[in-house]
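A.B. asks: can't give you the sequence, but here's the structure:
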């Protein structure tokens, strides 16, 4: 399978890349610079990279790059700022556009990684049927809207998926946790009662 992957050198994306490659898939990754590109290139001949930074390019350019793949996986998690939210919106819209274009000729799956922050502070058991986002942390609320965009883009040939990956999955989750605490001006902890 040919996969287009964003965020491949990040916390979640690096694990996704390793898994895809270990299962024999060809993966093309967007990276912001040559140094990150070399990290991708070191993974073997099925790992490819394109230097692309959404902050310096257009959504149209990103959409053109992502057309034609069997799957598009968006693992970019921008900083929890207004600018970061705008960059994530642009990225998701562009990748939906690419998935729609691809779906005109063949099936395509688009996976958006929102993170578990969209669930928020809860003491109840959470499963795939949980859709209450009233307790979502403020920094994650824009991601809820992106999840809905991805799911609503689904058609017979386009399968939109939102994946709420937990922080413990990635390699740099402590950095993300510290940034979340700083942005919320409080320490965010899980608790059981």
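C.D. replies: Structure received. Remember, predicted model here, so these are calculated numbers, not experimental data.

A.B. asks: mind listing the helices in the chain by residue range?
C.D. replies: Assignment of helices within the chain using DSSP state H yields the ranges 11-22, 34-41, 59-66, 82-103, 141-152, 173-184.

A.B. asks: Provide the contact partners of the fifth one at residue level.
C.D. replies: Residues outside helix 141-152 that contact it (CB atoms under 8 Å, 6 or more residues apart in numbering): 85, 88-89, 92-93, 96, 110, 112, 114-115, 117-118, 133, 136, 160-162. No exception for glycine: its C-beta is placed from N, CA and C like everyone else's.

A.B. asks: at 7 Å instead, please
C.D. replies: Applying CB atoms under 7 Å, 6 or more residues apart in numbering, the contact partners of helix 141-152 are 85, 88-89, 92, 96, 110, 112, 114-115, 118, 133, 136, 160, 162.

A.B. asks: Next one: the nearest residue to residue 30 once chain neighbours are set aside from residue 58, what distance?
C.D. replies: Among residues not flanking residue 30 along the chain, residue 52 sits closest, at 4.3 Å (CB to CB, 6 or more residues apart in numbering). As judged by CB to CB, to the nearest Å, residue 52 and residue 58 stand 10 Å apart.

A.B. asks: How about residue 152?
C.D. replies: Distance, residue 152 to residue 58, using CB to CB: 23 Å.

A.B. asks: I'd say residue 31 and residue 37 touch.
C.D. replies: Yes - look at residue 31 against residue 37 with CB atoms under 7 Å: they come within range, at 4.8 Å.

A.B. asks: quick one: common contacting residues for the two?
C.D. replies: By CB under 7 Å, 6+ apart, the residues touching both residue 31 and residue 37 are 49, 51.
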